[in-house]
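[1] After the sequence you'll find the predicted model.
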Number of protein chains: 2
Amino acid sequence: MQDRMKPYWQEDGITLYQGDALAVLRTLPDASADAVIADPPYSSGGVFRGDRAGRTSSTKYVTTGATLAGPAFTGDNRDQRSYSYWCALWLGECLRIAKPGALLVVWTDWRQLPSVTDAVQAGGWVWRGIVPWTKPQHRSRPVKGGFWNQAEFAVWGSNGPLRKEPDYAPCLPGHVHAASPDPADRVHITEKPREVFDLCVQAAPPGGLLLDPFAGGGGLLVAARRGGRRAIGIELAPEYCQAAVQHLARERRRGDQGVLEVTDG
Amino acid sequence: MQDRMKPYWQEDGITLYQGDALAVLRTLPDASADAVIADPPYSSGGVFRGDRAGRTSSTKYVTTGATLAGPAFTGDNRDQRSYSYWCALWLGECLRIAKPGALLVVWTDWRQLPSVTDAVQAGGWVWRGIVPWTKPQHRSRPVKGGFWNQAEFAVWGSNGPLRKEPDYAPCLPGHVHAASPDPADRVHITEKPREVFDLCVQAAPPGGLLLDPFAGGGGLLVAARRGGRRAIGIELAPEYCQAAVQHLARERRRGDQGVLEVTDG
DNA sequence: CCTCTCGATGAATCCATCT
DNA sequence: AAGATGGATTCATCGAGAG
């Protein structure tokens, strides 16, 4: 662990660092996080390698004429071996930061799933399962002559044996079925629905600390505050750091309204 | 391809061979199957290596002393390397038997998923996706301090480019949510629900030929006939061959009743 | 029709002990 | 010390049936 960095933003137990995930992770203290929730760039593309090179996320993920909600995100063109290697690096660093028994959740698509399970174990975590997130067909991609592509996957594991303490050792649902947010409401291109974030947040006990090395639009940070957890987010792109902070501010206003509505009812 | 074997049973375009999958596959003709649907023994169980070896399916998967449907099945004790190797062998043989553009569906659990995706590609198939089957929580197992284990996975691919013919190139659902059949109604310990078989059957066009190298209790053969497809099943255990034939006979009677009921209504 | 209790269920897992 | 063996046990869920 190196010297502490200056946060990009901090409020209500939510901290956001701007910078490269590996670089920032190295500055975080040992055995401090109750759970690590990671949604790294998938680095996926065509079935054959040539399809994968030289395109940025704006052309890859937006097939219709819809306008791109945010800046193209980087780090999404690694080939498979270097992707596994890179994942093993930051996963190993996360292991150091995680408390014993802490949970790990890493999101991926079908194509990178085997690389991610390898990397999780290479990073020293105990791999314990896969949680599918399934989307309704109208929000996913048809494959002519095959099966719809309507699932993404969370590879999950733990730092050593699972927590058994009676105070917080829940049995969490092993499947989420929810639609992606409407493109108009999306902060990040690949933003996951609220249901997914709300599940991930429960990987840490109330008041516990979540670590999100690829914070993107800040969806997990928002969910962490909503669920009464602290969180540390890391995001490389300044545009997304700004978007995440705005997201947190917007949801705080909406949350206040929610509280008022509850009081009224 | 070697000499034809004598079928164990044959009727209505459904053929069942009794024998080792690899041995029987070698006797089947080239480019004859429209789809391959495989539900091999998972050789799974145990987060750590020691828990994976030397147990039979009856002691491994059945905790309560209750209802053991049928005998324990064999071939469920391979270590990870030999499991991948063995899968690549029969998958390669299936590729030879498959028509160009034929679909492949291989069922597995989370633990063997990466091995199976490797083996599918090693066998020469183009890997194209993962279809999760999710179960309701009350028919799956809680994991204290973690996520419920409530999904199994179909790794799917094709023999070369996907079929594009307008006559049969459907977009099939990429997710099934269904409960396991009631233990009393099960022919095989690990039998999948009807919804799963009905989806798999659609991988071949109506009248087309399905190949099931691990027929077990015959669930896919029954579904194939129900869906108007032909099928070739292979099963090693004579007990399960017999059970599959009985299953087909029972469902034929039930099917006749079903037709009558529809006529009545 | 609603609420409650009760029981069955699970393609395993944990851990002490022995080799 | 590492691996193999064997025995004991997990608990939230939801349907059925009763009240």
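    Now that the structure is in, tell me what you want to look at. Numbers count the residues shown, from 1 in each chain, chains lettered A, B, ... in the order given.
[2] which residues in the stretch 1-150 of chain A form helices?
    Using DSSP state H, counting those that start in this stretch, the helices of the stretch 1-150 of chain A run over residues A:21-25, A:57-60, A:80-97, A:113-122.
[3] what's the closest of the ones you listed to residue A:188?
    helix A:57-60 (10.0 Å; C-beta to C-beta). Any C-beta I mention is one placed from the backbone N, CA and C, and that applies to glycine too.
[4] sorry, back to before: may I see the helices of the stretch 1-150 of chain A arranged in JSON lines, with distance to residue B:152, mean neighbour count and mean pLDDT as well?
    Output for the helices of the stretch 1-150 of chain A, formatted as JSON lines (distance: least, C-beta to C-beta, whole Å; neighbours: other C-beta atoms under 10 Å in any protein chain shown; pLDDT from 0 to 100):
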{"stretch": "helix A:21-25", "distance to residue B:152": "32", "mean neighbour count": "20", "mean pLDDT": "98"}
{"stretch": "helix A:57-60", "distance to residue B:152": "30", "mean neighbour count": "16", "mean pLDDT": "46"}
{"stretch": "helix A:80-97", "distance to residue B:152": "25", "mean neighbour count": "19", "mean pLDDT": "95"}
{"stretch": "helix A:113-122", "distance to residue B:152": "14", "mean neighbour count": "22", "mean pLDDT": "96"}
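[5] closest to chain B out of these?
    Of all these, helix A:113-122 sits nearest to chain B, with 3.8 Å by C-beta to the nearest C-beta.
[6] Is the closest one positioned near DNA strand C?
    No - against DNA strand C, helix A:113-122 shows no contacts by C-beta under 7 Å from any atom of the strand, the least distance being 14.3 Å.
[7] Next, see if that helix gets close to DNA strand D.
    No - applying C-beta under 7 Å from any atom of the strand, one finds helix A:113-122 separated from DNA strand D by no less than 14.8 Å.
[8] export that helix as CSV, just CAs?
    Only the C-alpha atoms of helix A:113-122 are listed here, as CSV (Å, rounded to 0.1, in the frame of the first residue of the first chain):
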residue,chain,number,x,y,z
LEU,A,113,-16.8,-15.7,-18.6
PRO,A,114,-14.1,-18.4,-18.7
SER,A,115,-11.4,-15.8,-18.7
VAL,A,116,-13.0,-14.1,-15.6
THR,A,117,-13.4,-17.4,-13.7
ASP,A,118,-9.7,-18.1,-14.3
ALA,A,119,-8.7,-14.6,-13.3
VAL,A,120,-10.7,-14.7,-10.1
GLN,A,121,-8.9,-17.8,-9.0
ALA,A,122,-5.6,-16.5,-10.2
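[9] So what touches that helix?
    A:80, A:83-85, A:87-88, A:91-92, A:104, A:106, A:108, A:127, A:130, A:153, A:155, A:157, B:113-114, B:117-118, B:130 (C-beta atoms under 8 Å, 6 or more residues apart in numbering or on different chains).
[10] Repeat that for stretch A:197-209.
    With C-beta under 8 Å, 6+ apart, stretch A:197-209 has contacts from A:32-35, A:37, A:102-103, A:105, A:131, A:154, A:167-168, A:170, A:172-173, A:176, A:210, A:219-220, A:222-224, A:226-232.
[11] Which residue comes closest to residue A:110 once chain neighbours are left out?
    Distances taken as C-beta to C-beta, 6 or more residues apart in numbering or on different chains put residue B:130 closest to residue A:110, at 4.2 Å, once the chain neighbours are dropped.
[12] give me the beta-bridge partners of that neighbour?
    Beta-bridge partners recorded for residue B:130 (DSSP bridges): residue B:155.
[13] tell me the contacts of it?
    Applying C-beta under 8 Å, 6+ apart, the residues near residue B:130 are A:110, A:113, A:151, A:153, B:113, B:117, B:153-156.
[14] ok, so of those residues, who is nearest DNA strand C?
    residue B:153 (10.4 Å; C-beta to the nearest atom of the strand).
[15] can you tell me the helix or strand for the closest one?
    Per DSSP states H and E: residue B:153 is located in strand B:151-158.
[16] who does that strand touch, helix- and strand-wise?
    Counting contacts by 3 or more C-beta pairs under 8 Å, 6 or more residues apart in numbering or on different chains; DSSP states H and E, strand B:151-158 is packed against strand A:126-134, strand B:98-108, helix B:113-122, strand B:126-134.
[17] a markdown table for those, including distance to residue B:13?
    Below are the helices and strands packed on strand B:151-158 laid out as a markdown table (distance: least, C-beta to C-beta, whole Å):
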| stretch | distance to residue B:13 |
| --- | --- |
| strand A:126-134 | 34 |
| strand B:98-108 | 17 |
| helix B:113-122 | 27 |
| strand B:126-134 | 26 |
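[18] hang on, the earlier thing: of the contacts of residue B:130, which is the nearest to DNA strand D?
    The nearest member of these to DNA strand D, counting by C-beta to the nearest atom of the strand, is residue A:151 at 19.5 Å.
[19] So which residue is dead centre in chain A?
    residue A:39 (2.9 Å; C-alpha atoms, centre = their mean).
[20] Pull up the per-residue confidence for that residue.
    Here the pLDDT value assigned to residue A:39 is 98.
[21] next one: the one 10 residues further on
    Residue A:49 is assigned 41 on the pLDDT scale.
[22] go on, residue A:68?
    Residue A:68 is given a pLDDT of 33.
[23] Please name the nearest non-neighbouring residue to residue A:44.
    Closest to residue A:44 by C-beta to C-beta, 6+ apart is residue A:111, at 4.4 Å.
[24] And residue A:138, by the same measure?
    Nearest one to residue A:138, counting by C-beta to C-beta, 6+ apart, is residue A:179 at 7.8 Å.
[25] Hmm, the residue nearest to residue A:44 is touching residue A:42, no?
    Yes - judged on C-beta atoms under 8 Å, residue A:111 makes contact with residue A:42 at a distance of 7.5 Å.
[26] which parts of chain A sit against DNA strand D?
    Counting by C-beta under 7 Å from any atom of the strand, chain A sits next to DNA strand D at A:170-171, A:173.
[27] Looking at those, which is nearest residue B:72?
    residue A:171 (28.5 Å).
[28] So which residues of chain A form strands?
    A:9-11, A:14-18, A:33-38, A:98-108, A:126-134, A:151-158, A:176-177, A:209-212, A:230-235 (DSSP state E).
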